Structure formats: C-alpha cells, structure tokens
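A.B. asks: quick one, structure for this:
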Amino acid sequence: MSYREATQELEEILRAIENDAVDVDELTQKVQRSSQLIKLCKEKLRKAEKAIDQVFNEENCEAPEPPKPKQKESKPASGSLF
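C.D. replies: I've put the predicted structure just below:
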C-alpha cells in the first residue's frame, strides 16, 4: 500500500466517523485500522527521510565545502588615550 492510499483511507475513515456513519460496533475496527495505517505512514516517512539524508550525506562526502575562515575578534586597545 502506498502512502497516498493509506492517507486516503484514513481520510475516508475520519469522514465516516465525523458524519456519524459508523456505528459503535464498527468504530473499534475503524480505530484499529486507523492505527495500522498511521504506523504504515510513519514508517514510510522514516524511510523517505533516511533515504533523503543519505543522498545529502553522499553529496557532502563527494564535494566537501572548505572550512570557513574564522573571523578575528577585535580586542580593545590596551592602555589609555590620555
């Protein structure tokens, strides 16, 4: 099942519950199914995030940016002007 299919099914369940189209006996099943779909979506998001991070990490390894030079802090002049 794709992420899109899972979110569409979740939306259908939500609409049915909001419109009181689900009787009490069916409600438990719908809530359990929603929980399964949410877990599936979270796992797909984690996998996508991991894959994206890997791509960015590979890009950074191939062409690392040179370190930025540190700016010298200006120190107050010692001694007095008068």
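A.B. asks: packing partners for the helix-or-strand element of the chain with minimal mean pLDDT?
C.D. replies: Lowest by mean pLDDT, DSSP states H and E among the helices and strands of the chain is helix 24-62, with a mean of 89. Counting contacts by 3 or more C-beta pairs under 8 Å, 6 or more residues apart in numbering; DSSP states H and E, helix 24-62 is packed against helix 3-18. (Each C-beta comes from the backbone N, C-alpha and C, glycine too.)
A.B. asks: how about the helix it packs on: buried residues?
C.D. replies: Buried residues in helix 3-18, defined by neighbour count with 16 or more other C-beta atoms under 10 Å: 6, 9-10, 13.
A.B. asks: for that helix, output the C-alpha coordinates as CSV.
C.D. replies: The C-alpha trace of helix 3-18 is given here as CSV (Å, rounded to 0.1, in the frame of the first residue of the first chain):
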residue,chain,number,x,y,z
TYR,A,3,1.5,6.4,1.4
ARG,A,4,-1.2,8.1,-0.7
GLU,A,5,-3.5,5.2,-0.5
ALA,A,6,-3.1,5.0,3.3
THR,A,7,-3.8,8.7,3.8
GLN,A,8,-6.8,8.5,1.6
GLU,A,9,-8.2,5.6,3.6
LEU,A,10,-7.5,7.5,6.8
GLU,A,11,-9.4,10.4,5.4
GLU,A,12,-12.4,8.2,4.5
ILE,A,13,-12.5,6.7,8.0
LEU,A,14,-12.3,10.2,9.5
ARG,A,15,-15.1,11.5,7.3
ALA,A,16,-17.3,8.4,8.2
ILE,A,17,-16.7,8.9,11.9
GLU,A,18,-17.3,12.7,11.7
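A.B. asks: just the buried residues of stretch 24-42, please?
C.D. replies: 34, 37, 40-41.
A.B. asks: now that stretch, how far from the centre of its chain.
C.D. replies: What separates the centre of stretch 24-42 from the centre of its chain is 21 Å, taken as C-alpha atoms, centre = their mean, to the nearest Å.
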